[in-house]
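Asker: Provided below are the primary sequence and the corresponding predicted coordinates.
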Amino acid sequence: MGFESAKHVEQVLREIHAREYLLPAIQREFVWDTNDIVKLFDSLLRGYPVGSFLFWKVDPETAKEYVFYNFLTNFHERDQPYAVRATVPTGVGTTAVLDGQQRLTALNIGLYGSHAMRRRYGRSSSTHAYPKKKLYLNLVDSPPDEELGLKYDLRFLTADEARTPASSEDIQAVDRWFPVGDVFTLTEDPVAYIDVVTERAIPDIREGARRLGALHNAVRKTPSMNYYLIGEKERTPDEVLEIFIRVNQGGEKLTNSDLLLSMATNQWSTEPGAREEVRNLTAELNTRGFNFDKDFVLKTALTLVGADVRFKVETITHQNITKVESDWSRISATLLRTVDLLKLSGFSRESLTANNAAIPIAYYLHQRSASDSFLDSTAKAGERADIIRWLTRTLLKQGVWGSGPDTLLTRLRTAIDRESSNLGFPTAALDAEFAGLGKALSFDDAEVDGLMELSYGARGTFATLAILYPGLDFSKEFHEDHIWPKSLFTRRRLEEAGVSADRIDDYVARVNSLPNLQLLEGRVNQEKLAKLPAAWIQTLPEVRRDPYLRENDLDGLDLALTGFLASFDARRGRIRARLIQALGVSGTTHGDFDQPDPSTSLAALG
């Protein structure tokens, strides 16, 4: 491996555009944001070193065995966030970038391309929500935020933003923003710099010309890009891969899953490739309202084919990748079916607080060859309920998914295999594996009290309500709902309702707490709006009123606004007793559990 003399930025980028440099599939996606790009250009303009680069000279015979990608030029968050696959002509070699992809892509976007991110509150379906921005250099002002440590004010702007005056006090229309890509029109002539800043009405001609000269030198003159070139005859492909791993494992943003997925892409024989398959499946899963990532998809795939679930280089063997690839359609179907089950059971990105908790469920469905009918079959209703009840308990138990997930997943997979001849979801066997790792799914009084302190929208609230009040038809969308409407809990409204002034703070402090919450079908919740429970219940069919009150621990309670505090305390005792029973807490006192009078009926509510 020899050290090559350095090149300047323009030379390297022109070679990239001539397709002389490509990205091997073992490289990760482009992950830098505009702040990273700005910092890189600021370093260049200041004459700082920007690190060395590692290239690999690939001969035609080796090139045909690998997958390569072109460099990204115009980044668009929705339409073009990824580099596209390159075509290497038969009989032609290439130079692969092993280290420096993020920097080279950043330079390419800043000098030749554009960057388009969705604006805040913009609709993802709207083209206008993704303004196209180019990199500009401010020829007048210093950076506004000194804490970033930047010397030059560099920003990604739309054409309109670049033309906008710095303030309404600008009497003279100063054209202060110079497109960084226009550096290729500059020469080394200082007089030409003066002409440019004069035409732009830059007040400090000397400083404006100096900044243009710094940009020209950084991009077109200074040989700031030192690189190593690995020759094809010097290293075997396996040795090159080992060099890539050694170099990139120190990178802050290169996770093990990035590396393994990149390696898998080279061993994946069918189109469109491992990277695209995992990316597409992840996106499809998240259309269900979740927040899964490629780590989750890759780890689930390894689990389903019986491979080592740890993200280690030796996991991505040709044998394991062949297993995943040959079973990919089944793996994809299982994952989609698993996520559909979670969605139908009321879970979302907010309530599924540990993504790894879904992996044993996916393995169970995969091992049992469950079809789509599993999601709505009456015969499978009990099995589905057991799965969701077990999942909810693992999510409510603090910390069980937080450490040692690979060991836990491996043991849970073994337990499911061991119970394969038995009917139903193996709750007891899985619980035993948690206990064996010191993560028993048992709850004590203190933990129950902690759950009782959950509030509206908090992590765990939805799951707690789901385990408190099972039997809901989650084929419909459910919301967390305030039983006594929050909109009524203002000082003015409470006073108008006859609540004494010394109790108003207590009302407001309790309105978002668990005893004032229920799960309500989304459509029904919208119809309920700000109705008090006593008034809203009258809108239900008469045959449903008493069951609703019993099922939600509201029977016998005063449902008027003035009765809120007493009813809140009574319902708190009831749901605490429910939690104790549902979570299997033993040797506990039931505290303030309020047993309703069986003779109390809806008629007594007035």
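Answerer: Sure, I can see it.
Asker: which residues in the stretch 401-550 of the chain form strands?
Answerer: Along the stretch 401-550 of the chain, the segments classed as strands by DSSP state E, counting those that start in this stretch run 478-482, 517-521.
Asker: Just give the strands next to the last one in its sheet, each with its orientation.
Answerer: I take that to be strand 517-521. Its sheet considered, strand 517-521 pairs with strand 478-482 (antiparallel) by DSSP bridges.
Asker: circling back: deepest in the core, which of the strands of the stretch 401-550 of the chain is it.
Answerer: Mean neighbour count (mean count of other Cβ atoms under 10 Å) peaks for strand 517-521 among the strands of the stretch 401-550 of the chain, with a mean of 21. From N, CA and C alone the C-beta is placed, and that goes for glycine too.
Asker: how is the protein carved up into domains?
Answerer: 2-245, 267-441, 456-605 (automatic domain parsing).
Asker: With distance to residue 450 added, can I get the ones you listed in CSV?
Answerer: Output for the domains of the chain, formatted as CSV (distance: least, Cβ to Cβ, whole Å):
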stretch, distance to residue 450
domain 2-245, 35
domain 267-441, 8
domain 456-605, 9
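Asker: quick one: the closest residue to residue 91 other than its chain neighbours from residue 319, how far?
Answerer: Distances taken as Cβ to Cβ, 6 or more residues apart in numbering place residue 60 nearest to residue 91, at 5.1 Å, with adjacent residues excluded. Look at residue 60 and residue 319: by Cβ to Cβ, to the nearest Å, they are 29 Å apart.
Asker: what pLDDT does residue 182 get?
Answerer: On pLDDT, residue 182 comes in at 96.
Asker: Give me the distance between it and residue 42.
Answerer: Separation of residue 182 from residue 42 (Cβ to Cβ): 18 Å.
Asker: Give me the neighbour count for the residue lying closest to residue 371 once chain neighbours are set aside.
Answerer: Counting by Cβ to Cβ, 6+ apart, residue 337 is the residue found nearest to residue 371 once chain neighbours are left out, at 8.0 Å. Number of residues near residue 337 (other Cβ atoms under 10 Å) recorded here: 19.
Asker: Now for residue 357: which residues touch it?
Answerer: Shown in contact with residue 357 (Cβ atoms under 8 Å, 6 or more residues apart in numbering): 391, 394-395, 401.
Asker: got it, and residue 461?
Answerer: Contact analysis of residue 461 by Cβ under 8 Å, 6+ apart lists 351, 454-455, 480, 514, 517.
Asker: Now pLDDT too, for those residues, in JSON lines please.
Answerer: Formatted as JSON lines, the contacts of residue 461 follow (pLDDT from 0 to 100):
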{"residue": "351", "pLDDT": "80"}
{"residue": "454", "pLDDT": "92"}
{"residue": "455", "pLDDT": "93"}
{"residue": "480", "pLDDT": "84"}
{"residue": "514", "pLDDT": "94"}
{"residue": "517", "pLDDT": "93"}
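Asker: of those residues, closest to residue 92?
Answerer: Ranked by distance to residue 92 (Cβ to Cβ), the contacts of residue 461 are led by residue 351 at 52.8 Å.
Asker: measure the nearest residue to that closest one once chain neighbours are set aside to residue 479 for me?
Answerer: Nearest non-adjacent residue to residue 351, counting by Cβ to Cβ, 6+ apart: residue 462, 3.8 Å away. The spacing between residue 462 and residue 479, counted by Cβ to Cβ, is 9 Å.
Asker: shared neighbours of these two, which are they?
Answerer: In contact with both residue 462 and residue 479: residue 519, using Cβ under 8 Å, 6+ apart.
Asker: about what we covered before: do you know how far the residue nearest to residue 351 is from residue 514?
Answerer: 11 Å.
Asker: What of residue 274?
Answerer: Residue 274 is 44 Å from residue 514, where distance means Cβ to Cβ.
Asker: Ok, residue 576 next?
Answerer: Taking Cβ to Cβ, one finds residue 576 at 9 Å from residue 514.
Asker: Which residues are in contact with each of these two?
Answerer: Any residue near both residue 576 and residue 514 by Cβ under 8 Å, 6+ apart counts here, and that gives residue 452.
Asker: distance between the top helix by length along the chain and the chain's centre?
Answerer: Secondary structure of the chain per DSSP state H: the longest helix is helix 564-582. Distance of helix 564-582 from its chain centroid, counting by Cα atoms, centre = their mean, to the nearest Å, is 36 Å.
Asker: Which positions within it qualify as buried?
Answerer: By neighbour count with 16 or more other Cβ atoms under 10 Å, helix 564-582 contains the buried residues 564, 567-568, 570-577, 579-580, 582.
Asker: Output those residues in a markdown table, with distance to residue 72 appended to each entry.
Answerer: Output for the buried residues of helix 564-582, formatted as a markdown table (distance: Cβ to Cβ, whole Å):
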| residue | distance to residue 72 |
| --- | --- |
| 564 | 57 |
| 567 | 59 |
| 568 | 56 |
| 570 | 61 |
| 571 | 56 |
| 572 | 55 |
| 573 | 60 |
| 574 | 58 |
| 575 | 53 |
| 576 | 55 |
| 577 | 58 |
| 579 | 51 |
| 580 | 56 |
| 582 | 51 |
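Asker: coming back round to it: dihedrals phi and psi, the residue nearest to residue 91?
Answerer: Main-chain torsions, residue 60, degrees, to the nearest 10: phi -60, psi -40.
Asker: Give me the pLDDT for the residue nearest to residue 351.
Answerer: 84.
Asker: What strands flank the host helix or strand of residue 226, and is each parallel or antiparallel?
Answerer: Under DSSP states H and E, the secondary-structure element containing residue 226 is strand 225-230. Strand 225-230 pairs in its sheet with strand 2-7 (antiparallel), strand 53-58 (parallel), by DSSP bridges.
Asker: next SSE after the first one?
Answerer: Think strand 2-7. helix 9-17.
Asker: who's in contact with that next one?
Answerer: By Cβ under 8 Å, 6+ apart, the list of residues contacting helix 9-17 from outside reads 21, 44, 71, 104, 107-108, 111-112, 184, 218-220, 224-225.
Asker: just stretch 145-156 next, same as before
Answerer: For stretch 145-156, contacts defined as Cβ under 8 Å, 6+ apart pick out 34, 37-39, 41-42, 45-46, 115, 133-138, 141-144, 177, 180, 211, 214.
Asker: Now that stretch: buried residues?
Answerer: 150, 152-156.
Asker: Determine how far the last residue of it lies from the first.
Answerer: End-to-end span of stretch 145-156 (Cα to Cα, to the nearest Å): 16 Å.
Asker: returning to what we had before: rank the strands paired with strand 225-230 by mean pLDDT and give me the bottom one.
Answerer: Between the strands paired with strand 225-230, the lowest average pLDDT goes to strand 2-7, which shows a mean of 68.
Asker: Which pLDDT does the model give the residue lying closest to residue 214 once chain neighbours are set aside?
Answerer: In this structure, residue 214 finds its nearest non-sequential neighbour in residue 45, 4.8 Å apart by Cβ to Cβ, 6+ apart. According to the prediction, residue 45 has pLDDT 96.
Asker: Go ahead and confirm residue 45 touches residue 216.
Answerer: No: if you go by Cβ atoms under 8 Å, residue 45 and residue 216 don't touch, sitting 10.1 Å apart.
Asker: Inside helices: which ones of the contacts of stretch 145-156?
Answerer: Those of the contacts of stretch 145-156 lying in helices (DSSP H): 34, 37-39, 41-42, 45, 211, 214.
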